[in-house]
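Asker: Any chance you could fold what I've pasted below:
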Amino acid sequence: MTRNKRGCYFTVLFGVIFFHSACAQPQPYTGTAFVKEQQSVEQATVLLNNEKNIIPLQNLDNNKVASIHFTTAYAQGFDSLLNKYSRVDLFDGKAYLGAKPLSMLTQDTRFYNTLIVQLTDAEVNNPQIISFINDNQKLKNVVVSFIGNSASLVRLNDVTVPILWSARVSPVAALFNAQAIFGGVAITQRLTKTYTARYTTNTGFLTTKMRLQYTVPEDAGINSENLKAIDNIAAEAIAERATPGCVVFVAKDGKVIFNKAYGYHTYQKGIPDSITDIFDIASMTKVSATTVEAMQLYDEGKLNLDSTIGTYLPVARNSNKKGLTVREVLEHQAGLIPDISTFEVIKPSDHSADSSSAFPTKVNDGYYLRKNYFQDVMLPAMLRSAVRTRGQYVYSDVGMIFMQQIAETITTTPLNEYVQKKFYDPLGMQTAGFLPLNRFPANRIPPTEDDRKDRRTLIDGYVHDPTAALMGGVAGHAGLFASANDIGILFQMLLNRGNYGGVQYIKPETVDLWTAKQSAVSRRGLGFDRWDPIADRHYPSRQASNLTYGHTGFTGTCVWVDPKYNLVYVFLSNRVHPNVGNKLGSLNIRPRIQDAIYDAIQKGL
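Answerer: Alright, predicted model coming up:
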């Protein structure tokens, strides 16, 4: 999110095209006008020279991408949308047409696998730029986004790299091309006439939509005005000090139609919340990390739902946990206690203010645990704990920590490393991961609790959950941080029954099984929370369908997928700042926003 000179906030996703409702003078191409223009752009856009199927881009985890623009007026929106899909570094080509030679641009982009070059009619007529494209295509993938007239297309006859050409010159064409490069929209047209020996009638390559599209509510049959109820509910949450800020994300029919930030990181109003902020998602970790890894291991035949903890963990074979099944653990019916004691049992000799080989586990600044504390203290406490109510539903963090130990034993890989490599990086999730301060500055992470009792510091960038904190920030039940867009990508993959970006991450039948109601005594699926059949509870909201699955987080977060409405809803906040309170829950902020979305869907255009 960027702020303009009038103090109005607008979503960078649409560059200078769409201002939020707080601004008095909306830009053109909003609502139905945008949809009509996008339809015109689609009819006027073709993909040429894509014999190697470079477009849509694949292998996002191993594809370092740079975007280069020269004189186009649409670079801001174009580049912003590219960065919704993967990290794309930006280069202003004008600087290399003046004081620097264009050959220096090749030098400066030498570490990139893919170059995306934005061209207008002016650039097409510049032989230096055409030479730059032709020289670089020998070394790496080059993609051209050309918005201009057919006379200029003739000058690209000898360019053999993929060209996305829009004959309709508009800012919407730039947004469309950026999304087409990553498969957020489909290319549906071929040339209708012959322009050169290379570009003849019916030339062109068609693509399919394979990732999220970023658009306006009207593109999904919803009137933007009807979503303003979300603004009012978010404002109420902030005014009532239920949370200092929040981010709301909505994807309908594979289209992101709402992604907006409200409030500030703290009540002191120092840093405004942004849609790119990275939140501690707390227990959403259970489904966003541990469960999706378990689903993949289940697909591979490495994890059996009816095998026991003792089957996978030799350390549990002499404990009362040995006969508990994976299925029972995932359904929270294994009889495990909710959690173990944490900071209250730590001895002065267990921690230090400085790190060393003897105290390597960082809990937060100035607090380091002794080596092997989890193995020596926490795991034995889990193994000694009682099994009291087996067969009944008792929500348990301990169970998901056991699932972490099982997954790590099977894969010989730490949970954080596995999900980063197998899910987050290839999906294009740029912020998601454990231990966020290893990659991002604290000012991108809204703080959670001001802990005066145990850690005696403001918790910012370190996990809020005390058990996860003492595990070094990586735990099966908590510890994941992410932006709303990243959570949206992951759960769109699940809504797609395991497929995203042309990759099948989890088998469709596995997604169907694990997200469906599995328990005879609770609403739970396997790992997933679900719609509650007890009507008076209205959980997760009054209008959610009985197909709905997802999870909430203690820090004030939730994600819900409703296949009936082809909907992904994400709410992220830091409601535990500066102290833990329950106003977010008592005011029903999360379910009321969810119902506002359903209301808008039902009202239509």
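
Asker: So which elements touch the helix or strand hosting residue 602?
Answerer: Using DSSP states H and E, residue 602 falls within helix 589-603. Packing partners of helix 589-603 (3 or more Cβ pairs under 8 Å, 6 or more residues apart in numbering; DSSP states H and E): helix 228-239, strand 245-252, strand 567-573. Quick note: C-beta positions are derived from backbone N, CA and C, even for glycine.

Asker: let's see 6 Å
Answerer: helix 228-239 (3 or more Cβ pairs under 6 Å, 6 or more residues apart in numbering; DSSP states H and E).

Asker: Report the buried residues of the helix it packs on.
Answerer: Residues of helix 228-239 classed as buried: 229-231, 233-234, 237-238 (neighbour count, 16 or more other Cβ atoms under 10 Å).

Asker: what do you get for stretch 342-357?
Answerer: Residues 342-343, 346, 350-351 are the ones in stretch 342-357 that count as buried (16+ other Cβ under 10 Å).

Asker: Among the residues you listed, which lie within strands?
Answerer: With DSSP state E as the criterion, strands contain residue 351 from among those.

Asker: and which of the buried residues of stretch 342-357 is nearest to residue 154?
Answerer: The nearest member of these to residue 154, counting by Cβ to Cβ, is residue 342 at 69.8 Å.

Asker: any idea how far the spatially closest residue to the closest one that is not a sequence neighbour is from residue 397?
Answerer: Nearest non-adjacent residue to residue 342, counting by Cβ to Cβ, 6 or more residues apart in numbering: residue 466, 4.1 Å away. In this structure, residue 466 and residue 397 are 10 Å apart, going by Cβ to Cβ, to the nearest Å.

Asker: likewise residue 266?
Answerer: Taking Cβ to Cβ, one finds residue 266 at 27 Å from residue 397.

Asker: Which one of those two is surrounded by more residues?
Answerer: For residue 266 and residue 397, the more surrounded residue by other Cβ atoms under 10 Å is residue 397, and the numbers stand at 25 against 18.

Asker: about what we covered before: any chance of the buried residues of helix 228-239 in CSV, with pLDDT too?
Answerer: Below are these laid out as CSV (pLDDT from 0 to 100):
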residue, pLDDT
229, 98
230, 98
231, 98
233, 98
234, 98
237, 98
238, 98
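
Asker: Between which two of those residues is the distance greatest?
Answerer: Most distant of these, by Cβ to Cβ, are 229 and 238, 15.3 Å apart.

Asker: I'd guessed residue 169 sits against residue 146; true?
Answerer: No - if you go by Cβ atoms under 6 Å, residue 169 and residue 146 don't touch, sitting 10.4 Å apart.

Asker: ok, then the element right after the helix or strand of the chain with the lowest mean pLDDT?
Answerer: Within the chain, confidence by mean pLDDT, DSSP states H and E is lowest for strand 9-10 among all helices and strands, at a mean of 32. Next along the chain after strand 9-10, taking DSSP H and E as the criterion, comes helix 31-43.

Asker: what does the average pLDDT come to for whichever helix or strand comes after that next one?
Answerer: Per DSSP H and E, helix 31-43 leads on to strand 45-48 as the next helix or strand towards the C-terminus. Across strand 45-48, pLDDT averages out at 98.

Asker: Please report how far the closest residue to residue 272 other than its chain neighbours lies from residue 273.
Answerer: Nearest residue to residue 272, sequence neighbours excluded (Cβ to Cβ, 6+ apart): residue 264, at 5.5 Å. Distance, residue 264 to residue 273, by Cβ to Cβ: 6 Å.

Asker: can you check residue 476 too?
Answerer: Going from residue 476 to residue 273 by Cβ to Cβ gives 28 Å.

Asker: go on, residue 109?
Answerer: For residue 109 relative to residue 273 (Cβ to Cβ), the value is 33 Å.

Asker: How about residue 343?
Answerer: Residue 343 is 29 Å from residue 273, by Cβ to Cβ.

Asker: Quick check: the gap between the nearest residue to residue 58 once chain neighbours are set aside and residue 47.
Answerer: Excluding the flanking residues, the one nearest residue 58 by Cβ to Cβ, 6+ apart is residue 502, at 6.6 Å. In this view, residue 502 and residue 47 are 16 Å apart by Cβ to Cβ.

Asker: Which residue of these two possesses the greater neighbour count?
Answerer: For residue 502 and residue 47, the more surrounded residue by other Cβ under 10 Å is residue 47, and the numbers stand at 26 against 12.

Asker: which secondary structure elements does whichever strand or helix holds residue 83 contact?
Answerer: Secondary structure from DSSP H and E places residue 83 in helix 75-85. Applying 3+ Cβ pairs under 6 Å, 6+ apart, we find helix 75-85 packed against strand 65-69, helix 171-182.

Asker: how does this protein divide up, domain by domain?
Answerer: Using automatic domain parsing, the domains assigned to the chain come out as 2-215, 229-603.

Asker: measure the residue nearest to the spatial centre of the chain to residue 558 for me?
Answerer: Nearest to the geometric centre of the chain sits residue 486, at 0.5 Å (Cα atoms, centre = their mean). Going from residue 486 to residue 558 by Cβ to Cβ gives 15 Å.

Asker: roughly how far apart are the residue nearest to the centre of the chain and residue 429?
Answerer: On the measure of Cβ to Cβ, residue 486 and residue 429 end up 4 Å apart.

Asker: Show me the strands in the stretch 351-500 of the chain, by range?
Answerer: 351-352, 361-364, 367-369, 433-434, 450-451, 457-458, 480-482, 499-500 (DSSP state E, counting those that start in this stretch).
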